[in-house]
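# Give me a model of this one.
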Amino acid sequence: MANDIPAANVRLKRAYEPVEAGDGFRVLVDRLWPRGVSKKDARIDEWVKDIAPSARLRTWFGHDPARWTEFQHRYLDEIRADPDRLAHLRALARKGPITLVYGARDETHNDAVVLRRALLGRMRVTPG
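Purely as a prediction, here's the structure:
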């Protein structure tokens, strides 16, 4: 299923980092637009709000690393509840590189990290 997507085809990048040619198709995967970033500067090809964690889960997590393990469980449960949510992104990643763009400051503990693993068929929770 997702195993045919090369790991190099799914990249992560903060919305505040400069756009690069190697980014490929840029997908904003947050429910909210990143503060202070213009649409022109972001150069987002597609904004996929529905793949982001629910507002309730996002608010509960609050980017607290102490809640990271539980956040992963809950977010993966949301993804599993509607497996078609990943189909579009998987199709894009099979064609070539995509960059999952996110606004969080923490580059290790954010929804894009979990989403990338899910796209690559790695639906397990990683430790803190």
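# residues of stretch 34-47 that come out buried?
The neighbour-count check on stretch 34-47 (16 or more other C-beta atoms under 10 Å) flags Pro34, Val37, Ala42, Ile44, Trp47 as buried. Every C-beta, even on glycine, is put in place using the N, C-alpha and C of the backbone.
# now swap in stretch 102-115 and tell me
Those would be Tyr102, Gly103, Ala104, His109, Asn110, Asp111, Ala112, Val113, Val114, Leu115, for stretch 102-115 by 16+ other C-beta under 10 Å.
# Out of those, which is nearest to Ser54?
Comparing these against Ser54 with C-beta to C-beta places Asp111 closest, at 10.5 Å.
# now the residue of the chain most remote from its centre: how far from Val19?
Going by C-alpha atoms, centre = their mean, the residue of the chain most distant from its centre is Lys40, 20.5 Å out. As for Lys40, its distance to Val19 is 11 Å (criterion: C-beta to C-beta, to the nearest Å).
# on that earlier part again, and what about the residue farthest from the centre of the chain, helix, strand or coil?
When classified by DSSP: H, G, I helix; E, B strand; the rest coil, Lys40 comes out as helix.
# quick one: it from Asp82, how far?
32 Å.
# other SSEs contacting the top helix by length along the chain?
Identified as the longest helix of the chain according to DSSP state H is helix 68-81. If contacts are counted by 3 or more C-beta pairs under 8 Å, 6 or more residues apart in numbering; DSSP states H and E, helix 68-81 sits against helix 55-61, helix 111-119.
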